[in-house]
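K.L.:
what shape does this take:
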Amino acid sequence: MRIAIVGSGAMGGLYGAFLARAGYDVHFLMRRDYEAVKASGLTVLSCRGDFHLEHVNCYRNPEDMGIVDLVFIGLKTTANGYYQELISPLMAPDTRVLTAQNGLGNEETLAELFGAERVSGGLAFLCSNRKSPGVICHLDYGFLHIGNFQRGPDATLLAFAEMLNVAGVKCTVVDDLASARWKKLIWNVPFNGLSALLDRMVDKIMRDAPLRERAWRLMKEVQSAAGTDDLTIDDGFLEHMMDLTEKMEPYHTSMHLDRQNNRPMEIESIIGEPLRRGQKKGLTLPEMQTLYTGLKQIDLAPKL
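P.N.:
Have a look, this model is predicted:
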């Protein structure tokens, strides 16, 4: 299987590096890191053991990469307007597109462009950052859930999951991708959102009793919003997410880093879309609305 990584940053770059280390045919589309990786390779500083890839198949332009069997999308959702130009040159009639991006709505957009039967999704529970050009820091966790959009698993999805597991990435195939997406939001809405809003690392949120309670209220609102899509997420799952977060190493979330670096934040896909879906079904969701409004004010403020 020939694999393209489109969005070769802290998440896509890390999973691609694990696959390449295992000997799989992986090709990276890179912009900021291209020169460094072309010259010196790709380094992963991982909680599971550091490693370095001396020779990496990396490209500035998708046209130079050519046709692949599977496109793994690790872009920020703020770049979704570039789907067509980045992905179309990589597509054959049976090429699969798997988005591991945050939030809701990504699979729907890809299905409109390339056909629902070619679209899959992934949910990464991962603590990683891009430390410097050509260097990814993997701090904690890393497991991945993948599923097909609006249909059950097939041979291509199962084969890719097996490759990830062989490469050292714990990957589970899910039957219901929509449910998995909402479950990821149970964590992403409170912790990506609050860390960016308050400019605090996740461990500091967990150690502050009022903020921890606010995170729990946000989880409960996401749980309610998922119910409007006929999905049931029990309190035990929310408690499990809090327990995992309690044990997590001190961590800057992706939205927190985007705020610190004056980059656009993934507010719409992570906060806005689930909020709108819940409100459309009559829910008020005051905590999510307050979080969304605060983040939009930060995002629209003049950058220094």
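
K.L.:
you'd agree Glu249 is up against Cys137?
P.N.:
No - applying C-beta atoms under 8 Å, one finds Glu249 not in contact with Cys137, separated by 10.8 Å. Backbone N, C-alpha and C define where each C-beta goes, glycine included.

K.L.:
look at those two and report which has more neighbours.
P.N.:
Cys137 (18 against 12; other C-beta atoms under 10 Å).

K.L.:
what's opposite the more buried one in the beta bridge?
P.N.:
Leu45, Asn129 (DSSP bridges).

K.L.:
against Cys127, how distant is it?
P.N.:
Distance check for Cys137 against Cys127: by C-beta to C-beta, to the nearest Å, it reads 9 Å.

K.L.:
swap in Arg32?
P.N.:
Arg32 is 21 Å from Cys127, by C-beta to C-beta.

K.L.:
what do you get for Ala226?
P.N.:
From Ala226 across to Cys127, the span is 24 Å (C-beta to C-beta).

K.L.:
comparing the two, which residue is more hemmed in?
P.N.:
More neighbours surround Ala226 than the other of Ala226 and Cys127, with 22 against 19 (other C-beta under 10 Å).

K.L.:
count the neighbours of Thr191 for me.
P.N.:
One correction, residue 191 is Phe, not Thr. 25.

K.L.:
and Gly99, its phi and psi?
P.N.:
Heads up, residue 99 is Thr, not Gly. With angles defined as degrees, to the nearest 10, Thr99 sits at phi -100, psi 130.

K.L.:
show me what it bridges to in the sheet.
P.N.:
Ile73, Gly121.

K.L.:
so for whichever strand or helix holds Glu221, what's the average pLDDT?
P.N.:
Assigned by DSSP states H and E, Glu221 belongs to helix 209-227. For helix 209-227, the mean pLDDT works out to 98.

K.L.:
and if you look at stretch 255-266?
P.N.:
94.

K.L.:
and the contacts of it?
P.N.:
76-78, 102-103, 129, 192-193, 195-196, 199-201, 252, 254, 267, 270, 295, 298-299, 303-304 (C-beta atoms under 8 Å, 6 or more residues apart in numbering).

K.L.:
again, only this time at 7 Å
P.N.:
With C-beta atoms under 7 Å, 6 or more residues apart in numbering as the test, stretch 255-266 has contacts from 76-78, 102-103, 129, 192-193, 195-196, 199, 295, 298-299, 303.

K.L.:
ends of that stretch, how far apart?
P.N.:
Using C-alpha to C-alpha, to the nearest Å, the end-to-end distance of stretch 255-266 comes to 7 Å.

K.L.:
can you give me the buried ones in it?
P.N.:
By neighbour count with 16 or more other C-beta atoms under 10 Å, stretch 255-266 contains the buried residues 255-259, 265-266.

K.L.:
what pLDDT does Pro250 get?
P.N.:
87.

K.L.:
ranges for the helices of the stretch 101-250 of the chain?
P.N.:
For the stretch 101-250 of the chain, helices defined by DSSP state H, counting those that start in this stretch occupy the ranges 106-114, 155-166, 177-187, 193-198, 202-207, 209-227, 235-247.

K.L.:
out of those helices, which is closest to Ala36?
P.N.:
helix 155-166 (25.4 Å; C-beta to C-beta).

K.L.:
follow-up on the earlier one: return the most buried member of the helices of the stretch 101-250 of the chain.
P.N.:
Comparing these by mean neighbour count (mean count of other C-beta atoms under 10 Å), helix 193-198 comes out on top with a mean of 24.

K.L.:
output the contacting helices and strands for it.
P.N.:
helix 202-207, helix 209-227, helix 254-260, helix 286-300 (3 or more C-beta pairs under 7 Å, 6 or more residues apart in numbering; DSSP states H and E).
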